[in-house]
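Asks: Provide a 3D model corresponding to the input given below.
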Amino acid sequence: MHTLIIEGTFKPGAKEDFTKIWRGEILPNLKKQNGFVDEVLLFGTDNPNLGVGLSFWKTKEDAERYHRDVFPKVAGSVQHLIEAAPTVRSFDVEASETFRIAAGKAA
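Replies: Numbers count the residues shown, from 1 in each chain. I've put the predicted structure just below:
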């Protein structure tokens, strides 16, 4: 398995708009990609404008194809919400555990 870590800083007040686009457009598009496994979206606790996406892929080739062919279009569609081009780093997954994490706020 392989993962892409995509990190960027959002303009003040843009987090909510990005999250709507992520749920309505980006995630459904990811689910259509060959080799896509899962995506986790994180926002900083000390800096809520800092966002990190962890996308998981069956193979490094699937991740590279997405990064090369699809990601530039996705990044362009949210460019108006981010401070600068996001950074993308590539990692092999050496070990993992299924946690069934669901988004939500603590009670």
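Asks: for stretch 18-34, how far is the first residue from the last?
Replies: Criterion Cα to Cα, to the nearest Å; first-to-last residue distance in stretch 18-34 is 24 Å.
Asks: Please apply the same query to stretch 64-73.
Replies: Terminal residues of stretch 64-73 lie 14 Å apart, using Cα to Cα.
Asks: Over to stretch 16-32?
Replies: OK, stretch 16-32 end separation, Cα to Cα: 24 Å.
Asks: What residues of that stretch count as buried?
Replies: The neighbour-count check on stretch 16-32 (16 or more other Cβ atoms under 10 Å) flags Phe18, Thr19, Ile21, Trp22, Ile26, Leu30 as buried. Using the backbone N, CA and C atoms, a C-beta is placed for each residue, glycine as well.
Asks: Could you list the residues in contact with that stretch?
Replies: If you take Cβ atoms under 8 Å, 6 or more residues apart in numbering as the criterion, stretch 16-32 is touched by 10, 36, 39, 41, 51, 55, 66, 70, 74, 77-78, 81-82.
Asks: ditto for stretch 87-100
Replies: Stretch 87-100 is contacted from outside by 1-8, 56, 60, 63-64, 67, 71, using Cβ under 8 Å, 6+ apart.
Asks: what about 7 Å?
Replies: Outside stretch 87-100, the residues that touch it by Cβ atoms under 7 Å, 6 or more residues apart in numbering are Met1, His2, Thr3, Leu4, Ile5, Ile6, Glu7, Ala63, His67.
Asks: among those residues, which are in helices?
Replies: The members of the contacts of stretch 87-100 that map onto helices under DSSP state H are Ala63, His67.
Asks: Compare the contacts of stretch 87-100 and tell me which is most surrounded.
Replies: Comparing those by number of neighbours (other Cβ atoms under 10 Å), Ala63 comes first, having 26 neighbours.
Asks: you'd agree that residue is up against Leu4?
Replies: Yes: between Ala63 and Leu4 a contact is recorded at 5.3 Å, counting by Cβ atoms under 7 Å.
Asks: quick one on the thing from earlier: export the buried residues of stretch 16-32 to TSV and append columns for secondary structure.
Replies: Shown next, in TSV, are the buried residues of stretch 16-32 (DSSP: H, G, I helix; E, B strand; the rest coil):
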residue	secondary structure
Phe18	helix
Thr19	helix
Ile21	helix
Trp22	helix
Ile26	helix
Leu30	helix
